[in-house]
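J.: Structure, please.
(2 chains)
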Amino acid sequence: MLREIAFHGLYMPTVTLMFLFAAGLAWGLDRFIASVDGYRFFWHPALLRLCLFLCLFGAMTLTVYR
Amino acid sequence: MNALALPLRWLASLEWRRGFLEWARTDGVTWVYIFKVLTAAFVTLWLAMRLELPQPRTAMITVFIVMQPQSGHVFAKSFYRVLGTLAGSAMMVALIAIFPQNTELFLPSLALWVGLCSAGAMRYRTFRAYGFVLAGYTAAMIGLPVLDQPQEAFMAAVWRVLEIGLGIFVSTLVSAAILPQSASAAMRNALYQRFGVFAGVVVEGLRGDSQRDRLESSNVRFIAEAVGLESLRSVTTFEDPHMRRRSGRLMRMNSEFMAITTRYNALHQLLERLRSRGPLQIVSAIEPGLRTLAELLDPYVGRALVDADALRLTLELAAYKEGLPAQVRALRSAYEDTAPSESDLLDFHTAYELLYRFVDDMHNYAETHASLAAHNHEREQWDEPYVAQTSWVVSAAAGVRAAAVLLLLGSYWLLSDWPSGGMMTLIATVTVGLSAASPNPKRMSFQMACGTLFGAFVGFFETFFVFPWIDGFPLLCLVLAPVLVLGAFLASRPTYAGYGLGLLVFFAIGSVPNNLTVYNPYTYINDYIGMVIGMLVCAAAGAIILPPNSRWLWSRLEQDLREQVLFAISGRLRGLGSGFESRTRDLLHQAYGLAVGQPLVQSRLLRWMFVVLEVGHAIIELRKEQAILPVHPSYAESQPWRQAIRVMGRALARLFLQPSASNHERALVAVEHAISRVQATDEPFARHFDTSALRRVQSYLHFIRTSLLDPRSPLAELGPLQGPPHAS
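T.: The predicted structure follows:
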């Protein structure tokens, strides 16, 4: 995949876009887990949310920088 | 010996462990917080240096400003900080683009913008205020340093947003993931304790041994908690998915709790009057019903109301409510045997009407509390939000103060060409923003100035005597840490928060090395002199320009408080109860905070609030009662009793807008007239308070009358009631 994307003549790292995309995805997933009360199974929900985001973002960036 | 030593050692370890747990609960929390601040600050600094951002110190300052002991607050503050920064940067770029060469136009428009933002911060006093503060001073922070080179404004704005974004990212991460202190735990704790305290007050009052000043202080406490819980609730929705699902119910609980405290105050006021005035028969006639309620509530006194307790309370209250009408009928027939007068009978009915409503409200509250156990519940649907009420005068005062400071210092800078004038103006803007939402901006600014002065000395020593000797990031952290620990410690103590904030933020502004370190003692000293002068000017402005803790403001807020009765009379009926309760409390809370140190003013405000709440609540009940009347000729709009109530509404509005002896007299006459009209009307239902609308209406009217006659209310100070009515 390309490492930079031209956005109206502005070069932008693909990772930035992926960051935003992963944040949106993690937010949606978080809402879903919250709606079924899934967080009660976890010891540290905040850490889980953070790791979820990191996994999503990491998996996406792997496609760029591998 | 062994048999003896073992328990001893166990005891010793127990002692130690207990001491440690005690420490961990109190000071330990503070040290964890300090540790988190340090971690976040150094991670941010390292990342900012590694990423070669031009001003790593800005990112670090963001950490200091955003970090709070509880992670929910950090999220809320960060969220609004991002919004504020974006708005401020956009505004600045626009201003620079419009007035690139015109400082005469640029400075006033910047002052206008900062003034507007400060006014907004005062208007929304929760974390939303923070967004406004930021929007104001970010604009100044970006714009003032690049005023000479307008072409750099855009890049400065971009860098600033990136630096602040980095600081926010790291601090939310650290605060959420490392030893989190959740705001929702604090909230749950406050919520659960609150009912225990309230039950204690109620049981005391029902048994007839409550003290006036104790009741007042617990009421002040409930009001502060109602305002505080609302802001906590808005914070926890950021933090905890568990609480977000319950957000509507929490809002509902808060509103219902305000309703029960008002109801209880009304009941208490009536009972006090009956007890002090007699006759004894009526007190002994009412007492049995009160005693059973006091017994019911007794087990909950001083205990945290957990979900299981709430369920039990719901069932008990439901049973009590069911049995109440029969109990009242029995008591009344016994009471009627003593041949009471008409007005005593009215007192009896009013007392039981209020008691019934009180139990009903408490039942609702307990039901909502019990519903918190479920993840989904139909009680979540609640469309009567908490409404904050800020007097526009107060927020306008904050805006004028900020704009004046910026204008004054900015003009001085431009006229005198002092190289550090930019720094002075900038810091003054920041200080005015940070202290805008505090109840005493003068003290806050002064504390910050002291903190800055101390930071300047320490910073000078570090920059010019320590930094040249050290090499590498770990050593930098090591020499910065002592100052930051002290600052974070001070900032975590509410009375010294200003010193801590000043030390942290302004030490970092001047002394944390940028990516291009500049070694220039003259500029350094000049800048710090500018900073301290800027802050002292802010403190002076807080004391001189429309100071918020002074007489004109209290009387203004008192007027606003009274105007809430007008709101109860003429506001839209939907959500009126909750809106009225929260607005009145919000106003009082504000005024009470501003009048701190003036017990006379505070008690006067409190007594006004009691009258306003009692009368306003009764008016709302009357309006609700009239809105759901069945269709029948005796309930028609044109009936004399309904007209009399409308006349009474107008008389009450006049009384609360312009309290005077003659208006008081007129309002009383109007209420008595309405009572006699209601009494003279026939209706098709038996005259029990659960079936007859007119009986309930009569009770509320009677209650308004007793409130107006209450010898302790500020209305009683207006003058003797027997004076001849004259045209005003």
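
J.: Contact residues of chain A facing chain B?
T.: Residues of chain A lying close to chain B (Cβ under 8 Å from any Cβ of the partner chain) are A:30-31, A:33-35, A:37, A:39-40, A:44-47, A:49-50. The C-beta positions use only the backbone N, C-alpha and C, and glycine is treated the same way.

J.: try it again with 7 Å
T.: Residues of chain A found near chain B (Cβ under 7 Å from any Cβ of the partner chain) are A:30, A:34, A:37, A:39, A:46-47, A:50.

J.: Of those residues - the most surrounded one?
T.: Within the residues of chain A next to chain B, neighbour counts (other Cβ atoms under 10 Å in any protein chain shown) peak at A:Ala46, which reaches 21 neighbours.

J.: excluding its backbone neighbours, what's nearest it?
T.: Leaving aside its chain neighbours, A:Ala46 sits nearest to B:Ala176 (4.0 Å; criterion: Cβ to Cβ, 6 or more residues apart in numbering or on different chains).

J.: now B:Leu267
T.: Using Cβ to Cβ, 6+ apart, the nearest residue to B:Leu267 is B:Leu354, at 4.4 Å.

J.: which residue is nearest the centroid of the chain?
T.: By default, I'm working from chain A. The residue lying closest to the centre of chain A (Cα atoms, centre = their mean) is A:Ala22, at 2.2 Å.

J.: that's the wrong chain, I wanted chain B
T.: Most central in chain B under Cα atoms, centre = their mean is B:Val227, positioned 3.6 Å from the mean C-alpha point.

J.: In terms of pLDDT, where does the residue nearest to B:Leu267 sit?
T.: For B:Leu354, the pLDDT comes out at 83.

J.: Ok, the one 3 residues further on next?
T.: Per-residue confidence at B:Arg357 stands at 84 (pLDDT).

J.: cool, and B:Glu384?
T.: pLDDT for B:Glu384: 72.

J.: Also the one 4 residues further on?
T.: pLDDT recorded at B:Ala388 is 72.

J.: For it, the count of nearby residues, please.
T.: As a burial measure, B:Ala388 scores 20 neighbours (other Cβ under 10 Å).

J.: Also the one 3 residues further on?
T.: Neighbour count for B:Ser391, taken as other Cβ under 10 Å: 20.

J.: roughly how far apart are the nearest residue to it once chain neighbours are set aside and chain A?
T.: Nearest residue to B:Ser391, sequence neighbours excluded (Cβ to Cβ, 6+ apart): B:Asp560, at 5.0 Å. B:Asp560 sits 39 Å away from chain A, going by Cβ to the nearest Cβ, to the nearest Å.

J.: thought B:Asp560 was touching B:Asp586?
T.: No - using Cβ atoms under 7 Å, B:Asp560 is not in contact with B:Asp586; the gap is 10.3 Å.

J.: that older thread, over to the residue nearest to A:Ala46. Which of the three states is it?
T.: Look at B:Ala176: counting by DSSP: H, G, I helix; E, B strand; the rest coil, its state is helix.

J.: Now for it: which residues touch it?
T.: Contact analysis of B:Ala176 by Cβ atoms under 7 Å, 6 or more residues apart in numbering or on different chains lists A:46, A:50, B:71.

J.: could you dump those to TSV with secondary structure, pLDDT and distance to B:Asn663?
T.: Converted to TSV, the contacts of B:Ala176 look like this (DSSP: H, G, I helix; E, B strand; the rest coil; pLDDT from 0 to 100; distance: Cβ to Cβ, whole Å):
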residue	secondary structure	pLDDT	distance to B:Asn663
A:Ala46	helix	80	57
A:Leu50	helix	86	62
B:Ser71	helix	82	52
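
J.: Out of the residues you listed, which is nearest to B:Phe132?
T.: Of all the contacts of B:Ala176, B:Phe132 sits closest to B:Ser71, with 22.8 Å by Cβ to Cβ.

J.: how much space between the closest one and chain A?
T.: Distance from B:Ser71 to chain A, by Cβ to the nearest Cβ: 7 Å.

J.: Tell me which residues touch that residue, please.
T.: Neighbour list for B:Ser71: A:46, B:175-176, B:180-183, B:239 [criterion: Cβ under 7 Å, 6+ apart].

J.: Please enumerate the helices of chain A.
T.: All helices of chain A, identified by DSSP state H, fall at A:14-35, A:45-64.
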